[in-house]
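Novice: need coordinates for the below:
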Amino acid sequence: MLLLPLLLLVVLIPGGDNKPAFQGPTTFHLNQISSFANSTWAQNQGSGWLGDLQIHGWDSESGTAIFLKPWSKGNLSDEEVTELVETFRVYLIGFIWFIRDHVSEFQLTYPFEIQGTAGCELRAGEATVSFLRGALGGVDFMSLWNGTCVPAAEAVSHAQSFCRVYTQYQGISDIIGNLLYHTCPRFLWSVLEAGKAELQRQVKPEAWLSSGPPPGPGCLLLVCHVSGFYPKPVWVRWMRGQQEQPGAQQGDVLPNADGMWHLRVTLDVAAGEAAGLTCRVRHSSLGGQDIVLYWGNSTSLTVIFLAVILPTLILLICLTLWFWRRWSYQNIP
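Specialist: Numbering: from 1, shown residues only. Reported below is the predicted structural model:
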C-alpha cells in the first residue's frame, strides 16, 4: 500500500543499462505521513528524498507534487509526470479510505498517525537494496522482507492484522515487488544522471576557531567552526598531535541558506591544557589535504596578537606621548 503512488513508474521509466558513474551509497525514498483525527478528518503528507536531500514535496491542499530541483523529474516527460502526480493524488485519497474501512480490524483508536518509507539504496558495485517500512505513532509495526510482510515485535497485534489484509491482495503485492526491486533502482539512476552536475560538485569548507562561555573556573570551551562545504559528509576532530581528544561534542551538520552545510565541534579543557591542541578537518573537496587549525601557542594566537593587540598597544603609546607632550608645553613658563 505504501508504494502504490509509484504505480505508473513501472511503464513510465525506461529500462536500459546505461548508468552514470556515481559514488554510492545513496538512496531514493518516499516518506508518507497520514494523520487521522477522527472518522471524518484525515490528512496526508508526502515527500521524496535522495539521501538526505529533499527533492520532492506534496501540497496536501491542492493534491499537487512540488519539484524542489530542476532535475527532480529524472528523465520523465511532462506528460508522464502529470500522469504520475495524478496517481499519487488518487493513491493518497484511497489510502485514507482503506484505513478507515479497516480501523476496527487493525485495532486502531482515533486519533492516530501512520508513517511509511519505501525506496532503494545504491551500494558499492552498482548493487541496489530495496526497503519498505511502516510505523504507527512513530513505532515500527511492519516491513517487507523478500516480498513478505513481516510484523515488527513492537506492535505485533496491529501488524499481524495489517499483514493478513495485505496478503489477501496478491495483485498489490506483485506491483509493490516490481516497484521496489525493478522500478525504484531505475528511477534512482535516472535522477542521479539528471542531477549529476549538482550532486557531484565539491565546495571546500572554511574553518576557524573561537572560544565559548567557560564551562567552569579554570576551564575553556574551545569551538571549531566549519562552514560552506558540499557535499554533506565531513570529518572534524580535536587532536593533540596524532591523538584524537576524547570528550569533544559534535553538533548536527546543518544546512546554510545557500544549500551548503555547516558544523561546530566543541571541547572542554583546563586552561593550562589548551596549548598544542588542533582542530583537523577532512572533506572530499580538499583532495586529501586536511585543514589544521592550531590553538594555544600557535599561529592562530600569533595572528590575533599581531592583528588586534599590537595595534592597540601602539595606539595607547602614541596617545600617552601626545598627552605628555601637551602637558609639558602647558607647564613651560
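Novice: for the stretch 201-333 of the chain, which segments are assigned as helices?
Specialist: Secondary structure of the stretch 201-333 of the chain (DSSP state H, counting those that start in this stretch): helices at 299-304, 310-330.
Novice: averaging pLDDT over each of these, which comes out lowest?
Specialist: Lowest mean pLDDT of those: helix 299-304, a mean of 44.
Novice: give me the neighbour count for Ser210.
Specialist: 11 (other Cβ atoms under 10 Å). (C-beta placed from N, C-alpha, C; glycine too.)
Novice: hmm, I was thinking of Phe95
Specialist: 20.
Novice: mind checking the SS state of it?
Specialist: Three-state call for Phe95 (DSSP: H, G, I helix; E, B strand; the rest coil): helix.
Novice: that one reaches Gln45, doesn't it?
Specialist: No. At 11.9 Å, Phe95 does not count as touching Gln45 under the criterion of Cβ atoms under 8 Å.
Novice: what do the two both touch?
Specialist: The contact sets of Phe95 and Gln45 overlap at 32, 34 (Cβ atoms under 8 Å, 6 or more residues apart in numbering).
Novice: distance of the closest residue to Gly218 other than its chain neighbours from Trp295?
Specialist: Nearest non-adjacent residue to Gly218, counting by Cβ to Cβ, 6 or more residues apart in numbering: Ala271, 5.3 Å away. Using Cβ to Cβ, to the nearest Å, Ala271 is found at 12 Å from Trp295.
Novice: one more: Pro151?
Specialist: Here the criterion is Cβ to Cβ. By it, Pro151 lies 53 Å from Trp295.
Novice: neighbour count winner among Ala271 and Trp295?
Specialist: A side-by-side neighbour count of Ala271 and Trp295, using other Cβ under 10 Å, places Trp295 first with 21 against 11.
Novice: ok, what's across the strand from the residue lying closest to the more buried one once chain neighbours are set aside?
Specialist: For Trp295, ignoring the flanking residues on the chain, the nearest one in space by Cβ to Cβ, 6+ apart is Leu277 at 4.6 Å. Beta-bridge partners for Leu277, by DSSP bridges, are Arg240.
Novice: for Leu277, which residues are in contact?
Specialist: When contacts are counted by Cβ under 8 Å, 6+ apart, Leu277 is found next to 222, 238-240, 245, 267, 269, 294-296.
Novice: how about a cut-off of 10 Å?
Specialist: Shown in contact with Leu277 (Cβ atoms under 10 Å, 6 or more residues apart in numbering): 209, 220, 222, 224, 238-241, 245, 267, 269, 293-296, 298.
Novice: any shared contact partners between Ala271 and Trp295?
Specialist: By Cβ under 10 Å, 6+ apart, the residues touching both Ala271 and Trp295 are Leu220.
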